[in-house]
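1. Pasting a predicted model and its sequence here:
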Amino acid sequence: MGENSAMRIESAVSLKSCNTFGLPAVAATLIRIEEPADVRRVVDHPEYGRAPKLILGGGSNIVLVRDPSAVVLKMEIPGLRVVEERADAVIVEAGAGESWHGLVQWTLDQGLPGLENMALIPGTVGAAPVQNIGAYGMELMDRFESLDAVDLVTGRTVTLDWRACRFSYRDSLFKQELAGKSVVTTVRLRLPRPWRPMLGYLDLQRKVEETGITAPDARQIFDWVVAIRRAKLPDPAVIGNAGSFFKNPVVTAEQCRDIIARDPHLVHYPMDDGHFKLAAGWLIDACGWKGKSVGGAGVYEKQALVLVNRGEARGSEVLTLAQAIQESVYGRFGIRLEPEPVVVG
Ligand SMILES: Cc1cc2nc3c(=O)[nH]c(=O)nc-3n(C[C@H](O)[C@H](O)[C@H](O)COP(=O)(O)OP(=O)(O)OC[C@H]3O[C@@H](n4cnc5c(N)ncnc54)[C@H](O)[C@@H]3O)c2cc1C
């Protein structure tokens, strides 16, 4: 689109199909962001410039509790390209509105391995840095080069590198100080050369053992990750959900020992800094939540970490269920579970 083209502004838009939980909500105003200049047009807009905004990607990490009062900016910026080939890495650039999984597939089609462990994570490229997505032993920050973001007050574009984004486990600057204030428009990823497989994750080791393929290529790892994920997680197209509903809590060695003294089967993983990561799904399951429901919201039978929409769930029911789980896990283990999705409303 050219500089003078108009933005697509729509009224009274149902968001039910715009969030993977399938929760009902209506946006009074929804603006489709199809190029970075659209964000600046929003900032300069006489009516919407100063209104609160909700940035919406694929809606796979949000819980819509009620109709958003904010103007919804629906991220639809396209574009996939190789921008630089260096001796030690290839840099690819993607528009914020591209599908993350589509990007992973595209890189493999170009013969550019490096993102395969993060295959099939739902959502858009622009949201990937927001919570530093990760799976199967890899996080976005391991492959991140830089991003462009537009400030929703000043309309200024900044380019932020790895350090500036302050990534940590399911977190970044965009979930903290810049939450809702800055729109990621373009993301650049660094695919290291030479490529090395990352097979440390237990489920992938099992695949190596099962198949006898000890030196898989990136396409093979991609296929394994897709198969493992399909077997474990409900497909949002069939059962509404937002993936893992809680972060895996991190505790001190002492806390971990205390809990093990009471619950010897506690699932825990040592971290490099001496802390331990606990499996939130195990804690929830241990409190007897698997298969339980509040209204239309339920705990997935196969994986207690995933809350699902059993039919006509409302966001408030998802929230009530989540709070009840938090209370019971706190009551039994003294651990406060932190939700992973962003609660809107
Ligand atoms: C079945 C399933 C499995 C999942 N598995 C994983 C997993 O393995 N690992 C993992 O990390 N996550 C996982 N998730 C969560 C989700 O896929 C990721 O968090 C994803 O990055 C969200 O992308 P989205 O475009 O849907 O973001 P949305 O849900 O639309 O938005 C999430 C947040 O990011 C903000 N945001 C979105 N786009 C932008 C932008 N361009 N600029 C600034 N802010 C923005 C929104 O305002 C909101 O606060 C899973 C979800 C589902 C449903």
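-> That came in fine, so what should we check first?
2. use CA for all of it now, contacts and neighbours both
-> Fine.
3. Nearest residue to R188 in space, please, no chain neighbours.
-> Taking CA to CA, 6 or more residues apart in numbering, and ignoring the residues beside it in sequence, R188 has E93 as its nearest neighbour in space, at 4.3 Å.
4. tell me which strands and helices the helix or strand encompassing that neighbour is in contact with?
-> Using DSSP states H and E, E93 maps to strand 89-95. For strand 89-95, the elements it packs on are strand 80-85, strand 182-192, judged by 3 or more CA pairs under 8 Å, 6 or more residues apart in numbering; DSSP states H and E.
5. okay, the last one in CSV with CA atoms only?
-> This means strand 182-192. Output of strand 182-192 as CSV, limited to C-alpha atoms (Å, rounded to 0.1, in the frame of the first residue of the first chain):
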residue,chain,number,x,y,z
SER,A,182,4.6,-0.2,21.3
VAL,A,183,3.6,-2.2,18.2
VAL,A,184,6.1,-4.8,16.8
THR,A,185,6.0,-4.4,13.1
THR,A,186,9.0,-6.4,11.8
VAL,A,187,11.1,-9.2,13.3
ARG,A,188,14.6,-10.4,12.2
LEU,A,189,15.9,-13.8,13.2
ARG,A,190,19.4,-15.1,13.1
LEU,A,191,19.8,-18.7,11.8
PRO,A,192,23.3,-19.8,12.9
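6. Those residues of the stretch 1-150 of the chain touching the ligand, which are they?
-> Counting by CA under 6 Å from any ligand atom, the stretch 1-150 of the chain comes close to the ligand at 20, 54-62, 96, 121-124, 126-128, 130-131, 133-135.
7. Can you go through those residues and name the buried ones?
-> By neighbour count, with 16 or more other CA atoms under 10 Å, these hold 20, 54-62, 96, 121-124, 126-128, 130-131, 133-135 as buried.
8. Show me those that map onto strands.
-> Residues of those located in strands (DSSP state E): 54-56, 62, 134-135.
9. Let me have the residues you listed in a markdown table, adding pLDDT as columns.
-> Formatted as a markdown table, those follow (pLDDT from 0 to 100):
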| residue | pLDDT |
| --- | --- |
| L54 | 97 |
| I55 | 98 |
| L56 | 98 |
| I62 | 97 |
| G134 | 96 |
| A135 | 95 |
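10. who's the residue nearest to R188 bridged to?
-> R81, R188 (DSSP bridges).
11. what residues are up against A149?
-> 157-160, 182-186 (CA atoms under 8 Å, 6 or more residues apart in numbering).
12. The helix or strand hosting it: what's the following helix or strand?
-> For A149, the enclosing helix or strand under DSSP H and E is strand 144-151. The first helix or strand that comes after strand 144-151 along the chain, using DSSP H and E, is strand 157-161.
13. for the protein, what's the longest helix?
-> Using DSSP state H, we find that the single longest helix of the chain is helix 315-333.
14. Buried residues in that helix, which are they?
-> Buried, per 16+ other CA under 10 Å, within helix 315-333: 315-319, 321-322, 325-326, 328-329, 333.
15. quick check, that helix touching the ligand?
-> No. Judged by CA under 6 Å from any ligand atom, helix 315-333 makes no contact with the ligand; its nearest approach is 13.9 Å.
16. Show me what that helix is packed up against.
-> strand 62-64, helix 280-286, strand 293-294, strand 297-299.
17. With respect to V238, which of those lies nearest?
-> Across those, V238 has its closest neighbour in strand 297-299 (14.4 Å, CA to CA).
18. Do the helix or strand that the closest one is followed by and the ligand come into contact?
-> Later in the chain than strand 297-299, the nearest helix or strand by DSSP H and E is strand 306-309. No. Between strand 306-309 and the ligand, judged by CA under 6 Å from any ligand atom, nothing touches; the nearest distance is 8.5 Å.
19. Mind listing residues that contact strand 306-309?
-> Counting by CA under 8 Å, 6+ apart, 21-23, 233, 239-245, 281, 296-300, 318 sit against strand 306-309.
20. Spell out which strands sit alongside that strand in the sheet and which way each one runs.
-> Note on strand 306-309: by DSSP bridges, its sheet partners are strand 240-244 (antiparallel), strand 297-299 (antiparallel).
21. pLDDT below threshold where in the chain?
-> Along the chain, segments meeting pLDDT under 70 span 1-5.
22. Quick check, central residue of it?
-> I133 (5.0 Å; CA atoms, centre = their mean).
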